[in-house]
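Enquirer: fold the following.
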Amino acid sequence: MGKRGPSRIKNNIRTLRFMNGEMSQKELAKRTGVTRQTINAIESAKYSPTLELAFQIAEVFDCGLEDVFSYQAKSDVESDT
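Expert: Numbers count the residues shown, from 1 in each chain. This next block holds a predicted model:
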């Protein structure tokens with residue numbers, strides 16, 4: 001196993017929560033059936049959600065998956081470091 005680099009999956013969850021009545025992590029967790037800790041880990045890019053959870057999060061915010069999550073190509077990640 002090699003050294004784990006920065007996450008290639010980025011998200012806009014914090015911004016979307018703020019734009020939706022300053023929704024708490026706890027409220028988003030409740031609406032998606034996970035713990036607040038899971039939402040925190042996803043939001044801080046320490047954990048990548050399952051595809052199903054990613055769709056559920058997008059559904060809560062009534063937007064597309066690409067409005068919540070984005071994927072950086074490996075070359076983009078390397079240039080950030």
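Enquirer: next, the buried residues of stretch 20-40.
Expert: 23, 25, 27-29, 32, 34, 38-40 (16 or more other C-beta atoms under 10 Å). Heads up, the C-betas are built off the backbone N, CA and C, glycines and all.
Enquirer: how about residues contacting stretch 52-63?
Expert: The contact list for stretch 52-63 (C-beta atoms under 8 Å, 6 or more residues apart in numbering) reads 13, 16, 20, 28, 31-34, 42, 49, 64-65, 67-69.
Enquirer: distance of Gly64 relative to Asn40?
Expert: Distance from Gly64 to Asn40, counting by C-beta to C-beta, to the nearest Å: 23 Å.
Enquirer: how about Thr50?
Expert: Taken as C-beta to C-beta, the span from Thr50 to Asn40 is 16 Å.
Enquirer: please apply the same query to Pro49.
Expert: For Pro49 relative to Asn40 (C-beta to C-beta), the value is 12 Å.
Enquirer: buried residues in the lengthiest helix in the chain?
Expert: What stands out as the longest helix in the chain, according to DSSP state H, is helix 51-60. By neighbour count on 16+ other C-beta under 10 Å, the buried set for helix 51-60 is 53-54, 56-58, 60.
Enquirer: show me how far stretch 55-66 is from its chain's centre.
Expert: 11 Å (C-alpha atoms, centre = their mean, to the nearest Å).
Enquirer: what of stretch 56-72?
Expert: 8 Å.
Enquirer: and that stretch, how far apart are its ends?
Expert: Terminal residues of stretch 56-72 lie 21 Å apart, using C-alpha to C-alpha, to the nearest Å.
Enquirer: and that stretch, which residues are buried?
Expert: 56-58, 60-61, 68-69.
Enquirer: same list (those) but as TSV, adding distance to Arg8.
Expert: TSV is the format used below for the buried residues of stretch 56-72 (distance: C-beta to C-beta, whole Å):
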residue	distance to Arg8
Gln56	21
Ile57	18
Ala58	19
Val60	23
Phe61	22
Val68	15
Phe69	11
